[in-house]
Structure formats: structure tokens, C-alpha cells
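In: what's the 3D shape of this:
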Amino acid sequence: AGHGALFGLAYAHLRKRHDVSAVQLALIEHAALFPLGLVADRIHPSRGQPGVASLFSLPAFAQATVRHALFGWTLDALAR
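Out: I've put the predicted structure just below:
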């Protein structure tokens, strides 16, 4: 929730200066930070335990892409 709130504040600040879409920004942020899942997969203390899935997978990427797009669309709608 905190990350979403900070993203909303950053979007509000950028929107004053540039014509940007929250959907575009959310998807850029997602694509840029998703590879950090590889780092988390390597250093997480529960790595390899039963029931702990990898954070870096195609299904996880697809699901997060949809969630980020929905978040950006909602933020754009509320900003109007």
C-alpha cells in the first residue's frame, strides 16, 4: 500500500510537468523492477523450501503486468 501511495504522489508530481499516463508509468516501473525477483530468489532464506515458488516466472510476470495496468488505469481515472 505504501509503494502504491508513493507511486501516486510521484505520478501527481510528474503529471503537472509532463503529459504522462499512469498506466505507462506503472508498466515501465514493473518491467524495470521485475528482474529484481532473480536477486530475491537467490538470497531469500526460504529458497528451495516446499511451497515457496520462484518470484521470477512467466506466469508471475503476466499476473503482475495485469495488476500494474489495472492500478495505472484506476490512478488515471481518479486523477481526472
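In: longest helix in the chain, by residue count?
Out: The longest helix of the chain (DSSP state H) is helix 58-79.
In: any residues touching it, and which ones?
Out: With C-beta atoms under 8 Å, 6 or more residues apart in numbering as the test, helix 58-79 has contacts from 4, 7-8, 11-12, 15, 21-27, 29-30, 34, 37, 53-54. Yep, even glycine has a C-beta here, placed from its N, CA and C like the rest.
In: repeat for stretch 3-14
Out: Stretch 3-14 is contacted from outside by 20, 22, 25-26, 29, 71, 75, 79, using C-beta under 8 Å, 6+ apart.
In: any idea which helix or strand of this protein has the worst average confidence?
Out: One helix or strand of the chain scores below all others by mean pLDDT, DSSP states H and E: helix 36-43, with a mean of 82.
In: Please compute how far that helix lies from its chain's middle.
Out: 16 Å (C-alpha atoms, centre = their mean, to the nearest Å).
In: Can you pull up the most central residue in this protein?
Out: residue 30 (3.9 Å; C-alpha atoms, centre = their mean).
In: Now do the same contact list for it.
Out: 64-65, 68.
In: quick revisit: for ChimeraX, what selects the buried ones among the contacts of helix 58-79?
Out: Restricted to buried positions by 16 or more other C-beta atoms under 10 Å, the ChimeraX selection for the contacts of helix 58-79 reads:
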select :7,8,11,15,22,23,25,26,27,29,30,34,37
